[in-house]
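Chemist: requesting a structural model of the entry that follows:
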Amino acid sequence: MATASVAVVADLGESYGNYTIGDDEALLGLVTASNIACGFHAGDPRVIDRTVAECVKRGIELGAHPGYPDLVGFGRRLIEASEEEIRTDVLYQIGALDAFARVHGGTISHVAPHGRMGSIAQTDAKHARAITDAIAAYDPSYIVICQNGLLAEESRKRDLQVGYVFLADRGYGVDGMPVARSHPGGLLHDPEEIGRRVVQVVTEGTVVTVDGETVPLGHDADVVLLHGDHPEVLANGTALRAALDGSGVRATGLQEVLADKRAAVAAR
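Modeler: Below is the predicted model:
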């Protein structure tokens, strides 16, 4: 379960028009990979263009962050949609980000479904099939960022690589999964605690739950995520990076993390 490397990712490019969400400039100094909003739950063409350009300039991996067409709810509300609608919405958003990536000389490394779309895909077969069908059809080299569940299973059925994510600023339950944001302890606000938890997850494979129990996470932590709209995201990211550095865990891109894992398996 333990690993010597992990990717650090944040949700970026979530501003829209005159509305600014998050401090992307500061976050770019803390992350090794990006989840870039593709215009449905957040982001617009100008924001996407600037975010991709800056990530390419800094050598930060590009990731598509598709979500429901829900600007008002920031993609955190369930949208009733058919499997075909979900598939084509995801395909549309990946293509949009890829256009900007190509223009700026970059390539997409991964896809991380956003918000309610991403969470429900862990347990809903329709969502899991639609999302992975879109990714596999567009570019089967893309890594799917997700947790244990149907989205990971459907990804493997299509020979897509999976990067298992730990939500650094969210509380977890005894099942090794995040609790709802509305649950007591669902959103963490202590940067030092966030740093300690991430090191424990990466090096030991366990997490302290909202009830104080220590339980197995249930999957590797290939990537740790900071939510860009968290009010203390910069303090959280700074503490997280300091904790990783202090424990000897290397923060790098997701492609390299998975390559390290394959090398470790081959060496056994």
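
Chemist: can you give me the helices in the stretch 101-250 of the chain?
Modeler: For the stretch 101-250 of the chain, helices defined by DSSP state H, counting those that start in this stretch occupy the ranges 115-120, 125-138, 150-157, 191-204, 233-247.

Chemist: output these as JSON lines; include the columns mean neighbour count, mean pLDDT and distance to residue 212.
Modeler: Quick note: C-beta positions are derived from backbone N, CA and C, even for glycine. As requested, the helices of the stretch 101-250 of the chain are exported to JSON lines (neighbours: other CB atoms under 10 Å; pLDDT from 0 to 100; distance: least, CB to CB, whole Å):
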{"stretch": "helix 115-120", "mean neighbour count": "22", "mean pLDDT": "94", "distance to residue 212": "24"}
{"stretch": "helix 125-138", "mean neighbour count": "21", "mean pLDDT": "98", "distance to residue 212": "32"}
{"stretch": "helix 150-157", "mean neighbour count": "20", "mean pLDDT": "98", "distance to residue 212": "28"}
{"stretch": "helix 191-204", "mean neighbour count": "20", "mean pLDDT": "94", "distance to residue 212": "12"}
{"stretch": "helix 233-247", "mean neighbour count": "19", "mean pLDDT": "93", "distance to residue 212": "20"}
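
Chemist: so, low pLDDT: which residues of this protein?
Modeler: The chain contains residues with pLDDT under 70 at 1-3, 228.

Chemist: quick one, phi/psi of residue 33?
Modeler: When read as degrees, to the nearest 10, the backbone of residue 33 gives phi -150, psi 160.

Chemist: and it, how many neighbours?
Modeler: Other residues within reach of residue 33 by the criterion other CB atoms under 10 Å amount to 28.

Chemist: thought it was touching residue 58?
Modeler: No. Residue 33 is beyond contact range of residue 58, at 11.1 Å (criterion: CB atoms under 8 Å).

Chemist: looking at the helices of the stretch 101-250 of the chain, spot the one closest to residue 9.
Modeler: Closest to residue 9 of those is helix 233-247 (CB to CB; 10.4 Å).

Chemist: ok, residues contacting the closest one?
Modeler: The contact list for helix 233-247 (CB atoms under 8 Å, 6 or more residues apart in numbering) reads 6, 8, 10, 22-23, 26-27, 30-31, 168-169, 188, 191-192, 194-196, 198-199, 202-203, 224, 226-227, 230, 250-251.

Chemist: which elements pack onto the next helix-or-strand element following it?
Modeler: Per DSSP states H and E, the first helix or strand lying C-terminal to helix 233-247 is strand 250-251. If contacts are counted by 3 or more CB pairs under 8 Å, 6 or more residues apart in numbering; DSSP states H and E, strand 250-251 sits against strand 5-12, helix 233-247.

Chemist: now these in TSV, with distance to residue 127?
Modeler: Compiled in TSV, the helices and strands packed on strand 250-251 are given as follows (distance: least, CB to CB, whole Å):
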stretch	distance to residue 127
strand 5-12	19
helix 233-247	27
